[in-house]
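[1] Predicted structure and sequence below. I'll ask about it afterward.
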Amino acid sequence: MYDFTEQQIERYSRHILLQDVGVEGQEKILNAKVLVIGAGGLGAPVSLYLAAAGVGTIGIVDADVVDLSNLQRQVIHFTNDVGKAKVESAKEKMLAINPDVKVETYHTYLDSSNALDIISNYDFIIDGTDNFPVKFLINDACVMAGKPFSHGGILRFTGQTFTHLPGTACYRCMFKEPPPPGAVPTCSQAGVLGAIAGMLGTIQAAEALKYIIGIGELLTNRLLTFDAKTMKFHTINTRKTDRCPICGTHPTIDHLIDYEQAACELKK
Amino acid sequence: MAQIKVNGEIQVVELPLNVSELIKLNNVEQPEMVSVQVNEEFVDRDEWNSIQLKENDEVDFLYFMGGGAI
Ligand SMILES: [Zn+2]
């Protein structure tokens, strides 16, 4: 059994007080390994909450450096971090919140050559990325490796998320393949209300913690969407599709694919 | 006239109506960004013209949302 120090009992007391969590649940959190892909709008709140919760090992993948235009929503990065690698900036804040956690940084793009290798070290994966090629890559890699993950996407005032466990609906069950490059704006092209990233990212963090502790009902076979303009939340029931090209009965995808990425003209 | 549900909300429509026509009726700006479920069953894009909707059908439009990091 995990040997809690007095400080840890105090730090995690609000978790331990929860009947569904308790010392056992907190111990599971401290032993858990979660990978956050993208240290941006979604990865920021996810990483902060996972670190605060005491997730034992948190991996963070991002090839970018902090840009001034990130700070409107990527709350893990501060003004004096501009120019710094996002993974380093994120690691500093996570350790400042909670020195209990171990942070592994991957200052690289996730692609077909490294995805399976990186995710293999983790119990749960968070998709906090901003583009479809990587979203499909994460889906395919997690389905192939039998890893659970949380999908998240935001656009303007809206967000959507679902959780995948082996055997439940995957991203390709819902969306067969990426849209043609350029057809769909990502948030850097279309704009996004900063707080939306927090709304969605905290849902993803809660799903990861629920999965680790083993409580409640995950967002499996359900796609949660919300529109912050009307503050309406809507859940669409989904299910695993027999015709799914990766998890269906006759899968046609047997290797990871690097789709072409639409250029982000408005980034600068 | 028939009642169908679109993303959980009731719409009164005139039959016959196929999925493509429903998408038009709902002013979906970029149909290439949408995935469609009829009665919790995903339907392929090339079936949109042939699937005729009926009373009490439940249709869901799922939109691609990409943002997160950048
Ligand atoms: Zn699938």
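    That came through, no problem.

[2] Quick one: name whatever helix or strand follows the lengthiest helix in chain A.
    Assignment by DSSP state H gives helix A:194-213 as the longest helix of chain A. Next along the chain after helix A:194-213, taking DSSP states H and E as the criterion, comes strand A:222-227.

[3] Just checking, which helix or strand of the chain averages the lowest pLDDT?
    Unless you meant another one, I'm taking chain A. Least confident helix or strand of chain A, by mean pLDDT, DSSP states H and E, is helix A:187-190 with a mean of 62.

[4] looking at chain B here, not the other one
    strand B:41-43 (a mean of 92).

[5] Partner strands of the next helix or strand after that one and their direction?
    Using DSSP H and E, the next helix or strand after strand B:41-43 towards the C-terminus is strand B:58-63. Sheet pairing for strand B:58-63, assigned by DSSP bridges, gives strand B:2-6 (parallel), strand B:34-38 (antiparallel).

[6] Now mean pLDDT and mean neighbour count too, for these, in JSON lines please.
    All C-beta spots, glycine's among them, are computed from the backbone N, C-alpha and C. Formatted as JSON lines, the strands paired with strand B:58-63 follow (pLDDT from 0 to 100; neighbours: other Cβ atoms under 10 Å in any protein chain shown):
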{"stretch": "strand B:2-6", "mean pLDDT": "96", "mean neighbour count": "16"}
{"stretch": "strand B:34-38", "mean pLDDT": "94", "mean neighbour count": "20"}
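
[7] In contact with B:Glu47, which residues?
    Residues in contact with B:Glu47 (Cβ atoms under 8 Å, 6 or more residues apart in numbering or on different chains) are B:Val19.

[8] Please enumerate the helices of chain A.
    A:6-11, A:13-16, A:22-31, A:43-53, A:86-97, A:115-119, A:132-145, A:171-174, A:187-190, A:194-213.

[9] Out of those helices, which is the most enclosed?
    helix A:43-53 (a mean of 26; mean count of other Cβ atoms under 10 Å in any protein chain shown).

[10] for that helix, the distance to its chain's centre please.
    Offset of helix A:43-53 from its chain centre (Cα atoms, centre = their mean, to the nearest Å): 10 Å.

[11] Please name every helix or strand in contact with it.
    strand A:33-37, strand A:57-61, helix A:86-97, helix A:194-213 (3 or more Cβ pairs under 8 Å, 6 or more residues apart in numbering or on different chains; DSSP states H and E).

[12] Tabulate these (TSV), appending mean pLDDT and distance to the ion.
    What follows is the helices and strands packed on helix A:43-53, written out as TSV (pLDDT from 0 to 100; distance: least, Cβ to the ion, whole Å):
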stretch	mean pLDDT	distance to the ion
strand A:33-37	98	19
strand A:57-61	98	23
helix A:86-97	98	30
helix A:194-213	98	18
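
[13] of all these, which lies closest to chain B?
    helix A:194-213 (7.4 Å; Cβ to the nearest Cβ).

[14] How far away from the center of its chain is the closest one?
    8 Å.
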